[in-house]
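# Can you look at this prediction? I've put the sequence above it.
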Amino acid sequence: MIDLAIRNVRVLDGSGGPAFDADVEIDAGRITTVGRAAAATREIDGHGACLAPGFIDTHAHDDGAFFRYPGMEFKLAQGVTTVVSGNCGFSAIPADPSGDAVAASGGILAGLSGEFTDLRGYFTAALAHKPAINNLMLVGHNTVRTLTMGMEQRGPTAAELATMRGHVERAMEQGACGFSTGLIYRPGRWSGTEEVIELAKAVKPFGGLYTTHMRNEGDRLLDAVEESLRIGVESGVHLHISHHKSAGRANWGKVKDSLARVDAALATGQAVTLDVYPYTAGSGRMIEYFNLERIDRTLAEVIRIASCAAFREYEGRMLVDIAAERGIDVTELVRQILTAPLGDRTICIHFIIDEADIETNLRHRDMMVGSDGIPDLRGRPHPRLFGTFPRVLARYVRERGVLGLEEAVRRMTSLSAETFGLLERGRVKEGYWADLVLFDPAAVVDTATYDDPKREPDGIQLVVVNGQVAYDRGQHTGVGAGKMLRYRRSAFE
Ligand SMILES: [Zn+2]
């Protein structure tokens, strides 16, 4: 008898084609039939629900979460079965176990532990925690650079460049899907375009990607897009622009120009894709956004605190409200937070994005969905950690009709799987791995808010990871069936 049959469902197979009715049969981790299922050990009647490939979060910072929260409840409950970690230039590997892994990863990868130095070691250590979902990794420029040359504010010597290149190649050999940068962050901001081109070239023989948190997402967005496209052209590597946005009120609407430039590149045959999160606020490590010599008041005024070890009482509050209550200037408050002990690890949420720009982004056919969630459950994280994928389906598909259901599912599944080199995933198709989500298209909705962000969505009925039921009507089953995936290769065993 086969393991699992999901009967009478509307299948959204991930291709973007029209939904159809079928039974789906799962055995030994894979989809064995899409059509009429035989009798199974477990039978599920999916009448009225849609069955889609498990969602793929192309923009995750979950490197450490696989150690800290191996149940990955915040992703699994959304229907996410695979994440791409190591984004924005910060990755768990390469690592120096004698150093401070959290500091080397920019403070956003809390939870890292273990004696690993490379991707193979990371995979082994992560699998020991029996993760609930799959993970694919990028190797991060900031991490590689910090390991090689610390926080030096200069370009690398030839020897340092060769060392960095070696780190990137080693990660690619072991199954990383590409090289990521965060050129707005330290130490990436001190690197020139040529350095990045040279390191992206190391990815080319493996066919992987170059993903980037661009050098600028505000006043100089279009310059940053030019730089990214140039890196893609000169390295000969597929360019993926992370969390595409135009930040700051003065720049709202510029995503149209940016996408027009991407379209022009696509027309020349360049490989370019993007992702976006469906919220008007960003989030990150607060110290990265401020120059303490000249604190940006406009930015300070749109910030709320997510987590702050220095001042727990500030979590969940806007800086302007705290400053008013304390009778100090908001810029002085920024200074106090960032210069306090542990203050440099404060995670903030900044309301910098225009709602209309999210819709413009989601209309683009090469736009995937990435949560950019920072998996720190202390304080009040950005709600995107718990809500991203249901929010696209509820708000942008069902309520606003920005894109159709089949197309939204394609952008969250097959497009991501093909771009990021996930073998036999991202479709409801015979022979493919059974990563699946069963949901009610009329009811699916994110419930996480800025005030109450740690809430799992409604309407996600069942999530299957590698053929095993991982989430069942609100319950996390704890089967720990997640795998560490390798670019265009079988999973790491
Ligand atoms: Zn980023």
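Looks like it arrived, so ask away.
# after the helix or strand of the chain with the lowest mean pLDDT comes which helix or strand?
Within the chain, no helix or strand scores below helix 101-104, which has a mean of 68 by mean pLDDT, DSSP states H and E. Downstream of helix 101-104, the first helix or strand assigned by DSSP states H and E is helix 119-127.
# Show me where the stretch 251-400 of the chain has its helices.
255-267, 297-300, 319-326, 330-339, 355-363, 384-391 (DSSP state H, counting those that start in this stretch).
# With residue 46 as the reference, name the closest of the ones you listed.
Minimum separation from residue 46 across the helices of the stretch 251-400 of the chain (Cβ to Cβ) falls at helix 384-391, 17.7 Å. No exception for glycine: its C-beta is placed from N, CA and C like everyone else's.
# So which elements touch that closest one?
Applying 3 or more Cβ pairs under 8 Å, 6 or more residues apart in numbering; DSSP states H and E, one finds that helix 384-391 contacts strand 55-57.
# Give me the sheet partners of the strand it packs on and which way each runs.
Strand pairing for strand 55-57, using DSSP bridges, gives strand 80-85 (parallel).
# Only alpha carbons, please: show the partner strand as PDB.
In PDB, the C-alpha atoms belonging to strand 80-85 read as follows (Å, rounded to 0.1, in the frame of the first residue of the first chain):
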ATOM      1  CA  VAL A  80       7.100  26.800   3.000                       C
ATOM      2  CA  THR A  81       9.000  23.600   2.400                       C
ATOM      3  CA  THR A  82      12.300  25.000   1.300                       C
ATOM      4  CA  VAL A  83      14.300  28.100   2.100                       C
ATOM      5  CA  VAL A  84      17.300  29.600   0.400                       C
ATOM      6  CA  SER A  85      19.600  30.800   3.200                       C
END
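# interface residues of this protein facing the ion?
Proximity of the chain to the ion is confined to 88, 213 under the rule Cβ under 5 Å from the ion.
# How about the residue nearest in space to the middle of the chain, nearest residue that isn't a chain neighbour?
Geometric centre of the chain, nearest residue: residue 59, 1.6 Å, by Cα atoms, centre = their mean. Nearest residue to residue 59, sequence neighbours excluded (Cβ to Cβ, 6 or more residues apart in numbering): residue 370, at 2.5 Å.
# what do you get for residue 165?
residue 202 (4.8 Å).
# give me the number of residues near the one you found?
Using other Cβ atoms under 10 Å, residue 202 is surrounded by 22 other residues.
# Look up the pLDDT of it for me, please.
Looking at residue 202, its pLDDT stands at 98.
# ok, now how distant is it from the ion?
According to Cβ to the ion, to the nearest Å, residue 202 and the ion sit 21 Å apart.
# same deal with residue 407?
Residue 407 is 25 Å from the ion, by Cβ to the ion.
# With residue 230 instead?
Distance from residue 230 to the ion, by Cβ to the ion: 20 Å.
# what does residue 474 give?
Counting by Cβ to the ion, the gap from residue 474 to the ion is 31 Å.
# In contact with the closest residue in space to that residue that isn't next to it in sequence, which residues?
Using Cβ to Cβ, 6+ apart and skipping the chain neighbours, the partner closest in space to residue 474 is residue 456 (7.5 Å). By Cβ atoms under 8 Å, 6 or more residues apart in numbering, residue 456 lies in contact with 73, 74, 77, 78, 386, 447, 448, 474.
# does the fourth one count as helix, strand or coil?
By that I understand residue 78. coil (DSSP: H, G, I helix; E, B strand; the rest coil).
# how deep is it tucked in, by neighbour count?
33.
# what do you get for the third one?
The local packing count at residue 77 equals 25, with neighbours defined by other Cβ under 10 Å.
# Residue 225 contacts residue 261, correct?
Yes: with contact defined as Cβ atoms under 8 Å, residue 225 reaches residue 261; the gap is 5.3 Å.
# neighbour count winner among the two?
residue 225 (27 against 17).
# Tell me both backbone torsions, phi and psi, for the residue in the stretch 51-200 of the chain that the ion sits nearest to.
Closest approach between the stretch 51-200 of the chain and the ion, counting by Cβ to the ion: residue 88, at 3.5 Å. The phi/psi pair for residue 88 (degrees, to the nearest 10) reads phi 60, psi 30.
# what's the closest non-adjacent residue to it?
residue 182 (3.7 Å).
# pLDDT value on the residue of the chain most remote from its centre, please?
Centroid-distance maximum for the chain: residue 327 at 38.3 Å, with Cα atoms, centre = their mean. We have a pLDDT of 97 for residue 327.
# try residue 106
60.
# thinking again about what came up before, from the contacts of residue 456, pick the one nearest residue 128.
residue 73 (19.0 Å).
# Could you give the bridge partners of the nearest residue to the closest one once chain neighbours are set aside?
Spatial nearest neighbour of residue 73, excluding adjacent residues (Cβ to Cβ, 6+ apart): residue 476 at 5.6 Å. With DSSP bridges as the criterion, residue 476 is bridged to residue 471.
# can you give me the helices for the stretch 51-200 of the chain?
Applying DSSP H, counting those that start in this stretch to the stretch 51-200 of the chain gives helices spanning 65-68, 73-76, 101-104, 119-127, 141-149, 158-173, 193-201.
# Those into JSON lines, with extra columns for mean neighbour count?
Shown next, in JSON lines, are the helices of the stretch 51-200 of the chain (neighbours: other Cβ atoms under 10 Å):
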{"stretch": "helix 65-68", "mean neighbour count": "24"}
{"stretch": "helix 73-76", "mean neighbour count": "24"}
{"stretch": "helix 101-104", "mean neighbour count": "18"}
{"stretch": "helix 119-127", "mean neighbour count": "22"}
{"stretch": "helix 141-149", "mean neighbour count": "25"}
{"stretch": "helix 158-173", "mean neighbour count": "18"}
{"stretch": "helix 193-201", "mean neighbour count": "20"}
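# Tabulate these in TSV, adding columns for distance to residue 94.
Below are the helices of the stretch 51-200 of the chain laid out as TSV (distance: least, Cβ to Cβ, whole Å):
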stretch	distance to residue 94
helix 65-68	17
helix 73-76	25
helix 101-104	9
helix 119-127	8
helix 141-149	6
helix 158-173	5
helix 193-201	13
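# looking at those, which one has the lowest mean pLDDT?
helix 101-104 has the lowest average pLDDT among those, namely a mean of 68.
# ok, residue 128 to residue 189 distance?
From residue 128 over to residue 189 the distance is 35 Å, taken as Cβ to Cβ, to the nearest Å.
# Please list all residues in contact with the residue of the stretch 351-493 of the chain found nearest the ion.
Closest approach between the stretch 351-493 of the chain and the ion, counting by Cβ to the ion: residue 372, at 6.1 Å. For residue 372, the contacting residues are 59, 60, 61, 87, 242, 243, 277, 282, 283, 382, 384, by Cβ under 8 Å, 6+ apart.
# Kindly report the same for residue 469.
Contacts of residue 469 (Cβ under 8 Å, 6+ apart): 4, 42, 462, 463, 477, 479.
# Next up, the contacts around the closest residue to residue 132 other than its chain neighbours.
Of all residues not flanking residue 132 in the chain, residue 72 sits nearest, at 4.5 Å (Cβ to Cβ, 6+ apart). Shown in contact with residue 72 (Cβ under 8 Å, 6+ apart): 62, 65, 66, 80, 83, 131, 132, 133, 482.
# Once you drop chain neighbours, what's closest to the fifth one?
When you say that, I think you mean residue 83. Spatially, and ignoring its direct neighbours in sequence, residue 83 is nearest to residue 60 (3.7 Å; Cβ to Cβ, 6+ apart).
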